[in-house]
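Engineer: got a predicted structure plus its sequence, pasted below:
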Amino acid sequence: MQPGPGSADPGPAEEENIFMSTLTNKPPGSGTGHLRRKARPASPTPEKLLEERHSGPQRRRHLFSRLDYKYSPYLYISPFFILFGLVGLFPLVYTFVVSINDWDLLGGAGDWVGLENYAAELSSPLFWNSLFNTFSIFLLSAIPQLVIATFIAAMLDQNLRAKTFWRMSVLVPYVVTPVAVTLIFSNAFDEKYGLINNLLQLVNLDPVAWKTSVFPSHLAIAAMVNWRWTGYNALILLAAMQAVPRELHESAAIDGAGMLRRFFSITLPGIRPTMIFVIITATIGGLQIFTEPKLFNASSSVPGGPDRQYQTTVLYLWDLAFNRGDFGRASAVAWMLFLIIILIGVANFLLSGKIASSGEKRAGRRPMRRGRNASRPGMTGKPAGGQDMTETRRRDHG
Amino acid sequence: MGGRYRDSCCIENSSEFIFFPKFESALTNERDARKYTRKLSTLNGVTVDISRTSRIAKAVAVAGSLALLATGCGGSNNAADEQPASADNPVTLTVTTFGTMGLDALYAKYESQNPGVKIQATNIDTGGNALTDWKTKQAAGAGLPDVQAVEEGWLGQVMAVSDSFADLRDYGAGEISSQWVDWKVQQATDDEGRIIGYGTDIGPMGLCYNADLYKKAGLPSERDAVVELFGGDNATWEKFVDVGKDYVKASDEAFYDQSGFVWNSMVNQLGEGYYKADGTLNIEGNTQLRERWDLLADAASNGLSSGQTQWDWGKGQAFIDGSFATMPCPGWMLGVVKGQIEGAGGDAASGWDFADVFPGGPANWGGTFLTVPTTSEHPAEAAKLAQWLTSAESQAAAFEEAGAFPSSLEAQQSEAVTGANELTKFFNDAPIGTILASRAEGVKAQFKGPNDSVIQEQVFGPATIALDSGTDGQSAWNDALSTLKNLDIK
């Protein structure tokens, strides 16, 4: 690895030298080095090289270069690790340190209490309530959202007029800031004067306590999340659907599979890895939901509803830290939430690993089948005719 | 004082930067690096050595880091040798306020009267956001302004860390303390007797009532008659509830907007509220509190409460559609009511008026203080500014600008406060300034514990909502106590 002095080729080295001296604004002819070079034969003898190697400053330089060569790559990649350490690892560790202390927001660090904060939170009904709310809102939003997103993606995957227009319009809700979404929805879901209750009363239904009862409030918040994220997920799923080989659809169509059958047997399995990705991101986002429940009833003196009907875990920990001023317990909640997300992440990882490997098997079979398909036209005339048929059909569609 | 930390930080060891930059290495790829190694070893002396560029880079880096350190240390100053600001010794003072305090015009005036002083003002939209801002900076121990506005509702938390605010007696607060209503100064005094804030506005409470609705229900509607109706100087909450029951019977509408504000008023006017003066919790077994709670529950169960959402009132609709006819109103609430009514399309004809009476004795809700955090580099200048901004003249100007009712006795008597203005016209020409000055007499400065606001908002907030939605007093009280336990408030 290290080019020793013996392997040196003096000719180009000299050229480089001149190059280097111009680089450092030292005229090539100046300095003692130049004089010495003139006085010396152009190519040094091995003995001289040996001598040079052992001379003090040269050896130090050599060592320096070796260190440079060996360790400077670590320096080049260090910015990421420094940044990660600063904004990722350090807060994580520091949060843990805070969580094992009795720590007041304004008063600062108090006594070391071990895992007492964790124990206190685990026995606090408010903590469990927040977890229940988080998962309830998550499930209410994630499931319909993914079903609808898949449906929209399947629709957009068809031959539509003004494709780009439709694709853009499903993305529009995503562009709107969540605060604006929440303000509008919060207004519509108002119990006494809201649009939705007015409509309900118009058709002689009882008004719903959107902001003070548990299930309706979760539905309302899930509605906001769905409104915002469905289009985004639909576009991702659409991209995946377009990567599903068309010929699979075609041959299935020829075999007599209807729209639904093709969707469930070809499209869905084909987009499975993407589906997993969408589910993972939806899970992470869903477990950290904050803005919607916070602003849903902004005037409520308790964040997340007067009786904490929709106080999610992140909202709970924010309240704990900044309203109640208990940093220690808030940090404990943060860590437990972190662990829960990691747990779910690991579960997702294992699950997606399984599905991805089954997908690979599928993908492994696919080229074979495709290969067979491709070789068929040469063997019999029938599939070729089939292809023609689909061609015509496609043209009809267009 | 301000320079305590800053001085030490200049003697920073910058040796860690010295090994760091070998920029020319960063510019070359592996192959070039190998060439250099080769060249260095083959041609001694001739080499234009790498270490030269490296030295330059090193010098740049060290200079840069020193510059960074220097800016970090910028303006290290000592309070002890603080020179008064002048044209030769310019001082920039930062001020953080919130809501509409009506101080903006005063800053310019102060700057022109005090050459060398430059005021950098930040106004935060709401008191709640300002509290978050203050708490965050207080917790971080950095970033606090020279003059910080503090709301009465935060006092419990502020007093828990009162030693991080300058004692304004060092700057003459003791000599001028008689210019304020006495309880305002008491509120700003911590348990060691340090005065940490100059009072700006206060929120003495009267009753907002809708004269049209009162008339329709057969109740007296003239201001003085309404004062008599509630019992004048001896107005009690029992009387208030009785009047409310009569009103509900006659009109079949609710009497007041929601139970939360009524409850807060009931608690805040007591000698001791959620905390005893010695700092211990005072809720469980507090018969005084419990009696008032039962009264409130009785009122709610008799349909006196309209069950409105606090601060929302159906975007003001409830003020003009006859949903309720009475509301406990601190001075600043009048502006809120006006805004709500106008927001919902109403005007002065919607019938609201303001009466010089309050059940259960005088009460105050809200008000602000100007404090000087000890992190200020110019505490003397900051205290001088805060003192000027809370002088009688300035308070009268702030009242004209934003309707902030002055805590200064002299300002309360000034023409600007007692005279007619937009607000008095809106409230049926009620002499608002005079009424509020009379309502400010005899308020008690209640001790506020560190979790006072949490108890008010998170323990009794939901409980009063529960009362409004039909829960009986006993179970709502029990729920409040169990919430108190769950929140682990000590």
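Structural biologist: Cool, got the structure.
Engineer: which stretches of chain B have low pLDDT?
Structural biologist: For chain B, applying pLDDT under 70 flags the ranges B:1-81.
Engineer: domains for it, by residue range?
Structural biologist: Chain B breaks down by automatic domain parsing into domains covering B:6-72, B:91-202+B:368-397, B:205-364+B:446-486.
Engineer: which stretch among those comes nearest residue A:193?
Structural biologist: Across these, residue A:193 has its closest neighbour in domain B:205-364+B:446-486 (4.1 Å, CB to CB). C-betas here are computed from N, CA, C, even on glycine.
Engineer: does any part of that closest one sit near chain A?
Structural biologist: Yes: remark: domain B:205-364+B:446-486 sits within contact range of chain A at B:260, B:308-312, B:314-315, B:317, B:450-451, B:454, B:456-458, B:461-462, B:465-466, B:469, B:486, by CB under 8 Å from any CB of the partner chain.
Engineer: where does the stretch 251-398 of chain A come near chain B, residue by residue?
Structural biologist: So far as CB under 8 Å from any CB goes, the stretch 251-398 of chain A lies against chain B at A:297, A:299-302, A:306-307, A:322-327.
Engineer: quick one: which of these is nearest residue B:397?
Structural biologist: For these, the nearest to residue B:397 is residue A:299 (31.5 Å; CB to CB).
Engineer: element containing that closest one, please.
Structural biologist: If you go by DSSP states H and E, residue A:299 is not part of any helix or strand.
Engineer: now do the helices in the stretch 51-200 of chain A.
Structural biologist: A:56-84, A:90-99, A:116-122, A:125-156, A:163-175, A:178-188, A:195-202 (DSSP state H, counting those that start in this stretch).
Engineer: export the strand ranked longest in chain B as PDB, just CAs?
Structural biologist: Identified as the longest strand of chain B according to DSSP state E is strand B:197-210. Listed next in PDB are the C-alpha coordinates belonging to strand B:197-210 (Å, rounded to 0.1, in the frame of the first residue of the first chain):
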ATOM      1  CA  GLY B 197     -41.400  43.800  38.800                       C
ATOM      2  CA  TYR B 198     -42.800  47.200  38.000                       C
ATOM      3  CA  GLY B 199     -46.600  47.000  37.500                       C
ATOM      4  CA  THR B 200     -48.100  48.000  34.200                       C
ATOM      5  CA  ASP B 201     -51.700  47.200  33.800                       C
ATOM      6  CA  ILE B 202     -54.200  45.400  36.100                       C
ATOM      7  CA  GLY B 203     -57.400  43.500  35.500                       C
ATOM      8  CA  PRO B 204     -60.000  44.600  38.100                       C
ATOM      9  CA  MET B 205     -63.200  42.700  37.600                       C
ATOM     10  CA  GLY B 206     -66.700  44.000  37.100                       C
ATOM     11  CA  LEU B 207     -69.800  42.500  35.500                       C
ATOM     12  CA  CYS B 208     -70.500  42.600  31.800                       C
ATOM     13  CA  TYR B 209     -74.300  42.400  31.200                       C
ATOM     14  CA  ASN B 210     -76.600  42.600  28.300                       C
END
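Engineer: centre-most residue in chain A?
Structural biologist: Nearest residue to the geometric centre of chain A (CA atoms, centre = their mean): residue A:281, 6.2 Å.
Engineer: tell me the centre residue of chain B?
Structural biologist: Mean-position check on chain B, CA atoms, centre = their mean. Result residue B:151 at 2.4 Å.
Engineer: now for the closest residue to it other than its chain neighbours: which residues touch it?
Structural biologist: Setting aside the residues directly before and after it, residue B:151 is nearest to residue B:127 in space (CB to CB, 6 or more residues apart in numbering or on different chains), at 4.8 Å. Residue B:127 is in contact with B:98, B:99, B:151, B:153, counting by CB atoms under 8 Å, 6 or more residues apart in numbering or on different chains.
Engineer: please identify which of those residues is nearest to chain A.
Structural biologist: Nearest to chain A out of the contacts of residue B:127 is residue B:153 (CB to the nearest CB; 11.5 Å).
Engineer: surely the closest one meets residue B:453?
Structural biologist: Yes: taking contacts as CB atoms under 8 Å, residue B:153 lies within contact range of residue B:453: 5.5 Å.
Engineer: return the backbone torsion pair for residue B:123.
Structural biologist: phi -120, psi 120 (degrees, to the nearest 10).
Engineer: make that residue B:270, sorry
Structural biologist: Dihedral angles (degrees, to the nearest 10) for residue B:270: phi -70, psi 160.
Engineer: number of residues surrounding residue B:222?
Structural biologist: 15 (other CB atoms under 10 Å in any protein chain shown).
Engineer: tell me the contacts of it?
Structural biologist: residue B:211.
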